[in-house]
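Colleague: Sequence first, then the predicted structure, then my questions.
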Amino acid sequence: MKNFAKLFPILNQYTYLNTAASGLLSVPVMEWRQDHDLDFLVQGSILKENQATVLTSVREKVGALFSCAPNRVALVPNFSYGFNTLLEGITAHKKVLLLEGDYPSVNWPFESRDFSISYVKIAVDIESRVEDAFKKAQPDIFAFSLVQWLDGLKIDQQFLKDLKTKYPDTLFFADGTQFLGTAVFDFDTSGLDVVGASCYKWMNAGYGNGLFLFKEAVAQRVAPKTTGFNSLQGKYKPQEGTFIGRFEPGHQDTLNYGSLGKAIDVINDIGMPEIENRIQAMSALAKAAFLERGLIDTAIASRADHASFFNITGDENLINTLASNDIIAIARGSGVRVGFHYFNTEEDVAALLEVLDQS
């Protein structure tokens with residue numbers, strides 16, 4: 001088995017179960033960042049003359065990884081920036097369906113604007129609840145997180161695809177921050193019109209970079225007003241008013257977006273299928289152990305798929321106990337959130353269980 005501690009040195013010191021809050025920085029990404037800033041130090045504006053080449057390369061890497069043409073990939077500083085830009089291009093008074101208690105960066109931008117909003121309560125039968133809501137009043141927009149931030153509940157991809165087939169006129173906007181980087185994902189064949197994500201979590205790309213993927217038809221229905229000189233620069237933004245240019249109006253940071261490109265190189269070196277398989281194995285092992293100990297709701301076991309993190313029974317005392325045993329997790333909602341990425345091992349699960357059994 002690959003020694004991931006060489007890739008992420010923090011693993012030599014801690015059992016890291018907090019990727020759902022903050023991903024790790026890998027050695028290749030760190031070295032790329034050092035080289036970039038050293039080049040900037042000695043080259044100044046000469047380095048920035050290659051900005052378009054760097055950003056084009058990153059855009060193409062994102063598109064290849066998630067099966068989306070590069071001219072439909074926008075590079076943004078984070079999900080919230082891109083999502084607010086998107087919503088500014090939508091005529092108000094649209095009917096919007098949201099999930100009650102979804103991540104604030106999904107719900108707040110709608111709630112702060114003039115939309116007609118209805119909500120679906122998040123529960124283990126989330127798909128049937130959403131389908132019922134569509135039947136009662138087809139929304140113009142359905143916006144949601146692919147994976148719920150508090151407990152890892154994952155909405156079924158095939159359900160979303162089937163629902164989109166039934167309601168083709170509804171725009172499906174998804175936050176993929178807790179999903180992208182954990183599984184093979186083909187955007188073009190998905191039921192989603194827009195997927196956005198910050199990339200500092202499961203893609204391990206560091207802070208200050210994010211992405212948005214768009215289906216072709218979105219540009220005909222959304223008209224963001226944001227613009228600037230950079231909105232027309234680069235291979236995929238040939239003229240002012242290009243759709244993705246609306247999401248990239250100013251100077252782009254080659255350090256942060258280059259970090260995303262290098263992080264994708266790391267993902268490709270390991271292989272997304274291998275990453276998905278490792279995450280599924282760790283998640284299944286942890287889920288079974290948590291259910292056996294009564295640490296998670298038994299209803300979760302009824303779902304065919306779940307994300308790679310869980311909210312287990314515990315409080316701040318448990319967080320402190322875990323920390324004293326060099327296990328990094330975080331309090332979320334009514335419990336303690338623990339997550340497993342491809343670099344986690346059976347030994348990590350065992351270390352967590354040992355502490356839980358003693359607490």
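Modeller: Done, it's in. Numbers count the residues shown, from 1 in each chain.
Colleague: all contacts plus neighbour counts: C-alpha atoms, from now on.
Modeller: Noted.
Colleague: Quickly find the element holding the residue sitting furthest away from the middle of the chain.
Modeller: Here the chain reaches farthest from its C-alpha mean at residue 42, the gap being 35.0 Å by Cα atoms, centre = their mean. Assessed by DSSP states H and E, residue 42 sits inside helix 27-43.
Colleague: Show me the contact partners of that helix.
Modeller: 6-9, 47-48, 205, 255, 258-259, 262-263, 266 (Cα atoms under 8 Å, 6 or more residues apart in numbering).
Colleague: tell me which of those residues is nearest to residue 288?
Modeller: Nearest to residue 288, judged by Cα to Cα, of the contacts of helix 27-43 is residue 8 at 26.9 Å.
Colleague: What is the neighbour count of that closest one?
Modeller: Number of residues near residue 8 (other Cα atoms under 10 Å) recorded here: 15.
Colleague: What sits closest to the residue nearest the centre of the chain if chain neighbours are left out?
Modeller: In the chain, the centroid-proximal residue (Cα atoms, centre = their mean) is residue 177; its distance is 1.4 Å. Of all residues not flanking residue 177 in the chain, residue 197 sits nearest, at 4.2 Å (Cα to Cα, 6 or more residues apart in numbering).
Colleague: tell me the contacts of the one you found?
Modeller: 78-79, 175-177, 180, 210-212.
Colleague: can you pull the contacts of the residue nearest to the centre of the chain?
Modeller: Counting by Cα under 8 Å, 6+ apart, residue 177 has contacts 79, 145, 196-199, 201-202.
Colleague: Which helix or strand lies directly C-terminal to whichever strand or helix holds the residue nearest to residue 177?
Modeller: Taking DSSP H and E as the criterion, residue 197 maps to strand 194-198. Counting by DSSP H and E, the element after strand 194-198 in chain order, helix or strand, is strand 210-214.
Colleague: That following strand pairs with which strands, and in what direction?
Modeller: strand 73-76 (antiparallel), strand 194-198 (antiparallel) (DSSP bridges).
Colleague: low-scoring stretches of the chain, by residue?
Modeller: Scanning the chain for pLDDT under 70 picks out 1, 231-234, 238-241.
Colleague: can you map out the strands along it?
Modeller: 15-16, 73-76, 95-100, 116-121, 141-145, 171-175, 194-198, 210-214, 309-312, 327-328, 330-332, 335-339 (DSSP state E).
Colleague: Compare the ones you listed and give me the one nearest residue 347.
Modeller: Across these, residue 347 has its closest neighbour in strand 15-16 (9.0 Å, Cα to Cα).
Colleague: Direction included, what does the closest one pair up with?
Modeller: Using DSSP bridges, strand 15-16 pairs in its sheet with strand 327-328 (parallel).
Colleague: The protein: helices as residue ranges?
Modeller: Remark: helices assigned in the chain by DSSP state H are 27-43, 45-48, 51-66, 79-88, 104-111, 126-136, 157-166, 218-221, 254-270, 272-292, 316-324, 346-358.
Colleague: among those helices, which is nearest residue 97?
Modeller: Comparing the helices of the chain by Cα to Cα, helix 126-136 comes nearest, at 8.1 Å.
Colleague: Show me what the closest one is packed up against.
Modeller: Here helix 126-136 touches strand 116-121, going by 3 or more Cα pairs under 8 Å, 6 or more residues apart in numbering; DSSP states H and E.
Colleague: nearest to residue 251, of the strands of the chain?
Modeller: strand 73-76 (10.9 Å).
Colleague: Output that closest one as CSV, restricted to C-alpha atoms.
Modeller: Taking Å, rounded to 0.1, in the frame of the first residue of the first chain, the C-alpha atoms of strand 73-76 are listed here in CSV:
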residue,chain,number,x,y,z
VAL,A,73,-15.3,25.7,-16.7
ALA,A,74,-15.0,28.8,-14.6
LEU,A,75,-12.2,29.3,-12.1
VAL,A,76,-13.3,31.2,-9.0
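Colleague: residues making contact with that strand?
Modeller: For strand 73-76, contacts defined as Cα under 8 Å, 6+ apart pick out 59, 62-63, 82, 209-214, 244-245, 247-248, 257.
Colleague: Closest to residue 141 out of the residues you listed?
Modeller: Within the contacts of strand 73-76, proximity to residue 141 (Cα to Cα) peaks at residue 214, which comes in at 14.5 Å.
Colleague: In contact with the closest one, which residues?
Modeller: Applying Cα under 8 Å, 6+ apart, one finds that residue 214 lies in contact with 68, 72-73, 193-195.
Colleague: how about a cut-off of 6 Å?
Modeller: 72, 193-194 (Cα atoms under 6 Å, 6 or more residues apart in numbering).
Colleague: roughly how far apart are the residue nearest to residue 250 when sequence neighbours are not counted and residue 292?
Modeller: In space, and not counting its chain neighbours, residue 250 is closest to residue 230: 4.9 Å by Cα to Cα, 6+ apart. Note on residue 230: its distance to residue 292, by Cα to Cα, to the nearest Å, is 55 Å.
Colleague: Neighbour count: the two, which is higher?
Modeller: Set residue 230 next to residue 292 and count neighbours by other Cα under 10 Å: residue 230 wins out with 18 against 11.
Colleague: give the contact list for the more buried one.
Modeller: Residues in contact with residue 230, defined by Cα under 6 Å, 6+ apart, are 249-251.
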